[in-house]
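Participant: model the structure of this input:
(one chain, ligands or ions: 2)
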Amino acid sequence: MPKSLVLASPTPVVALGLRDRLAAYWALTKPRITFEVVLIAAFGFLLGTPGPVDWARFCHAMLGIGLLSGGIAALNQWMEHPADGQMRRTATRPIPSGKVTPFQALLFGLVLTIGAEAYLCPTVNPLTAVLGLATAIGYVWIYTPLKTRTWLSTAIGSFPGAMPPLVGWAAAAGSLSLEAWVLFAIMFFWQFPHFYAIAWMYREDYRRAGIGMLPVIEADGRRTIRQTLITGLVTVGLSLLPFWLGLSGWIYLAGALVLGALFLQSCLTLARTRTNLAAKRVLRASVMYLPMLFLLMTLNRL
Ligand code: HEM
Ligand SMILES: CC(C)=CCC/C(C)=C/CC/C(C)=C/COP(=O)(O)OP(=O)(O)O
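Facilitator: Numbers count the residues shown, from 1 in each chain. Ligands and ions are numbered 1, 2, ... in the order given. A predicted model of the protein is given here:
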């Protein structure tokens, strides 16, 4: 297929009923990713709570974090809608499919992002708002433009990507501690198997849009596999630290080992078979692994 082929024509906005219009705006927030962001932030909040849980603050924090995650997802789509229109996976998104204009998406993203910041600062605490702002800048203004410039963009995007537990912790505690940074580190390394699996599955799509992720730029996939295995191992190794730090107990340790073994098994299967199906299993395993690990950590503490 020629590189220049545009899968979704940049049509002007199509006439939509209210329901479809709302659905298009909802899609701009990348709801499934935003859901996982809020979930991990919620675990971060509970883990960072020093005494009894302040449920009012918890609700404010989750609402603000959800709005922020949705807002930056919309801004990301505003910035990369030409590339999204070139890829099968993203060609049906609200902007390339003409359901929302780029300007509407920009406005929506700004309102949500600025609104979230203005909400988090007084109702939760300034530290949470500052970390949220750093996440927005890191994701929208640093990671997104770098996607077409360097294969290292994914490693850079992992910094804002790892913020949910840190932001959740800050919302509860009003400060950050070693334990919070350990949660950040687990999530930072977790992302490598996650996005290498995705980049493997969609490498033709990414190539067409000029996004040179590692599986796109290397011919044989060896570095992708090596980095997937190493970062998978580092993730599982780091996942044992909450036990040693006294954040969680024996049930967590046993569960983390079982979950880690399953996650690593999916990475090893990808290394052995190098198929798209195996990459899909790594993606599924990664999406399950993280919330289950944090759930165990939190339950075990309670
Ligand atoms: C540099 C970091 C990351 C990159 C490049 C990345 C990229 C992607 C992409 C392209 C997909 C779509 C896969 C598909 O359509 O089949 C995806 C799925 C997903 N990602 Fe990530 N992601 C990253 C980090 C994160 C983070 C930090 C979270 C959450 C806290 C997350 C949660 C998810 C979830 C839940 C899905 C599945 C969504 C679904 O079911 O459609 N990702 N990721
Ligand atoms: C606290 C808080 C609000 C945290 C937000 C965390 C965050 C920034 C998550 C997104 C991580 C990420 C790099 C996703 C991929 O985007 P992509 O542009 O590569 O994906 P795409 O190709 O599907 O658009």
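Participant: okay, CA-based contacts and neighbour counts for the rest of this
Facilitator: Noted.
Participant: ok, R21 - how many residues close by?
Facilitator: When neighbours are defined as other Cα atoms under 10 Å, R21 has 16 of them.
Participant: surely it and K99 touch.
Facilitator: Yes - taking Cα atoms under 8 Å as the definition, R21 is a contact partner of K99 at 7.2 Å.
Participant: so I217 versus P145, what's the distance?
Facilitator: Relative to P145, I217 is positioned 18 Å away (Cα to Cα, to the nearest Å).
Participant: same question for N276.
Facilitator: With Cα to Cα as the criterion, N276 and P145 are 27 Å apart.
Participant: residues contacting L106?
Facilitator: The neighbourhood of L106, defined by Cα atoms under 8 Å, 6 or more residues apart in numbering, consists of A74, L75, W78.
Participant: burial of the first one, as a residue count?
Facilitator: One way to gauge burial is a neighbour count; for A74, by other Cα under 10 Å, it gives 30.
Participant: next, the buried residues of the helix or strand containing it.
Facilitator: A74 is part of helix 55-79 when elements are defined by DSSP states H and E. Under the neighbour-count criterion of 16 or more other Cα atoms under 10 Å, helix 55-79 has 57-58, 60-79 buried.
Participant: and stretch 219-238, by the same measure?
Facilitator: T224, I225, T228, L229, I230, T231, G232, L233, T235, V236, L238.
Participant: ok, the residue most central in space within the chain - contacts?
Facilitator: Nearest to the geometric centre of the chain sits G161, at 4.9 Å (Cα atoms, centre = their mean). Listed by Cα under 8 Å, 6+ apart, the contact partners of G161 are T135, Y139, M187, F188, Q191.
Participant: what do you get for S248?
Facilitator: By Cα under 8 Å, 6+ apart, the contact list for S248 reads P242, M297, T298, N300, R301.
Participant: now those residues in TSV, with distance to V167?
Facilitator: Below are those laid out as TSV (distance: Cα to Cα, whole Å):
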residue	distance to V167
P242	18
M297	17
T298	16
N300	21
R301	19
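Participant: which of those ranks first by neighbour count?
Facilitator: M297 (26 neighbours).
Participant: please identify the helix or strand for it.
Facilitator: Using DSSP H and E, M297 falls within helix 276-301.
Participant: in that helix, what's buried?
Facilitator: 278-283, 285-287, 289-291, 293-298.
Participant: still on that earlier bit, got JSON lines for the contacts of G161, with pLDDT, distance to I156 and secondary structure too?
Facilitator: Shown next, in JSON lines, are these (pLDDT from 0 to 100; distance: Cα to Cα, whole Å; DSSP: H, G, I helix; E, B strand; the rest coil):
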{"residue": "T135", "pLDDT": "98", "distance to I156": "12", "secondary structure": "helix"}
{"residue": "Y139", "pLDDT": "98", "distance to I156": "9", "secondary structure": "helix"}
{"residue": "M187", "pLDDT": "98", "distance to I156": "13", "secondary structure": "helix"}
{"residue": "F188", "pLDDT": "98", "distance to I156": "10", "secondary structure": "helix"}
{"residue": "Q191", "pLDDT": "97", "distance to I156": "11", "secondary structure": "helix"}
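Participant: I figured R57 hits V124, correct?
Facilitator: Yes - counting by Cα under 8 Å, R57 does reach V124; the two are 6.1 Å apart.
Participant: thinking again about what came up before, report the rounded mean pLDDT for the helix holding M297.
Facilitator: Averaged over helix 276-301, pLDDT sits at 95.
Participant: do it and ligand 2 come into contact?
Facilitator: No - Helix 276-301 is not in contact with ligand 2 by Cα under 6 Å from any ligand atom; minimum separation 12.5 Å.
Participant: try stretch 52-66
Facilitator: Yes - using Cα under 6 Å from any ligand atom, stretch 52-66 reaches ligand 2 at I65.
Participant: neighbouring contacts of that stretch?
Facilitator: 34-35, 37-38, 41-42, 45-46, 116-117, 119-120, 123-124, 132, 168, 171-172.
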